[in-house]
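**Student:** give me a 3D structure for the following:
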Amino acid sequence: MLESKLLVQILLSLAGLLGVIISIRLTKRVVRRFGRRHDFHERRFFYVNKITSILYTILFLLIISIIWGFDIEGLPIYFASFFGLVGVAFFATWSVLSNITASMIIFFSYQFRIADKIRILDGDNSVTGRVKDMNMFTVIIETQDGHVISYPNNLILQKPIQMIRE
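**Tutor:** Coordinates of the predicted model:
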């Protein structure tokens with residue numbers, strides 16, 4: 001009886017692992033197809049795939065803990081401690097998380113691409129230049145006079161963007 005339960009847990013764990021691996025690969029394929037259809041730079045695929053892989057890994061760990069019967073008696077204490085730490089960490093790093101979330105929104109909204117010339121309208125602090133790179137935290141813009149400006153993704157979503165056609 002004990003051996004059959006252990007065998008079922010092992011098989012379910014392997015099935016969960018296989019499901020996560022397949023999900024990660026399918027997501028990468030969908031992101032790549034979406035990005036190529038909209039002519040996105042390859043570097044943007046990397047960041048979106050990294051974020052989704054982390055989310056799938058967290059999901060897999062949750063599934064494994066359920067399969068192997070994580071003791072739920074102390075669960076409220078664990079959750080309180082975990083969410084207390086996460087709350088402090090989120091408060092301390094809200095800017096980082098908002099930039100990562102903004103990078104996902106920018107990727108799927110495809111307002112502008114690498115090599116596009118844009119103007120970020122911000123009153124006296126407006127920025128005009130060519131998009132050189134887009135990563136999880138910033139959009140790198142090179143101005144006409146050769147200066148390189150790193151503009152945070154969360155601010156990009158809050159400001160109007162004007163596309164400059166040449």
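
**Student:** do you know how far V96 is from V86?
**Tutor:** 13 Å (CB to CB, to the nearest Å). C-beta here means a position set from N, CA and C on the backbone, and glycine is covered the same way.

**Student:** the more surrounded of the two?
**Tutor:** Neighbours were counted for V96 and for V86 using other CB atoms under 10 Å; V96 has more, 15 against 11.

**Student:** in this protein, what residue spans correspond to helices?
**Tutor:** Secondary structure of the chain (DSSP state H): helices located at 2-37, 42-67, 75-92, 94-109, 153-158.

**Student:** helices or strands up against the shortest one?
**Tutor:** Packed against helix 153-158, as judged by 3 or more CB pairs under 8 Å, 6 or more residues apart in numbering; DSSP states H and E, are the following elements: helix 94-109, strand 138-142.

**Student:** the lengthiest strand in the chain pairs with which strands?
**Tutor:** In the chain, ranked by residue count with DSSP state E as the criterion, the top strand is strand 127-134. Take DSSP bridges as the rule and strand 127-134 pairs in its sheet with strand 117-120 (antiparallel), strand 138-142 (antiparallel).

**Student:** quick one: the helix or strand bottoming out on mean pLDDT in the chain to chain centroid distance?
**Tutor:** Counting by mean pLDDT, DSSP states H and E, the chain has its least confident helix or strand at helix 75-92, which shows a mean of 72. The chain centre lies 21 Å from the centre of helix 75-92; the measure is CA atoms, centre = their mean, to the nearest Å.

**Student:** output that helix as CSV, nothing but the C-alphas.
**Tutor:** Output in CSV follows, covering the C-alpha atoms of helix 75-92 (Å, rounded to 0.1, in the frame of the first residue of the first chain):
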residue,chain,number,x,y,z
LEU,A,75,0.4,26.5,6.9
PRO,A,76,-1.2,29.7,8.3
ILE,A,77,2.0,30.5,10.2
TYR,A,78,4.1,29.8,7.1
PHE,A,79,1.8,32.0,5.0
ALA,A,80,1.8,34.8,7.5
SER,A,81,5.6,34.7,7.7
PHE,A,82,6.0,34.4,3.9
PHE,A,83,3.6,37.2,3.1
GLY,A,84,5.1,39.4,5.8
LEU,A,85,8.5,39.0,4.2
VAL,A,86,7.1,39.3,0.7
GLY,A,87,5.2,42.5,1.7
VAL,A,88,8.4,44.1,3.0
ALA,A,89,10.3,43.0,-0.1
PHE,A,90,7.6,44.2,-2.4
PHE,A,91,7.5,47.6,-0.6
ALA,A,92,11.3,47.8,-0.8
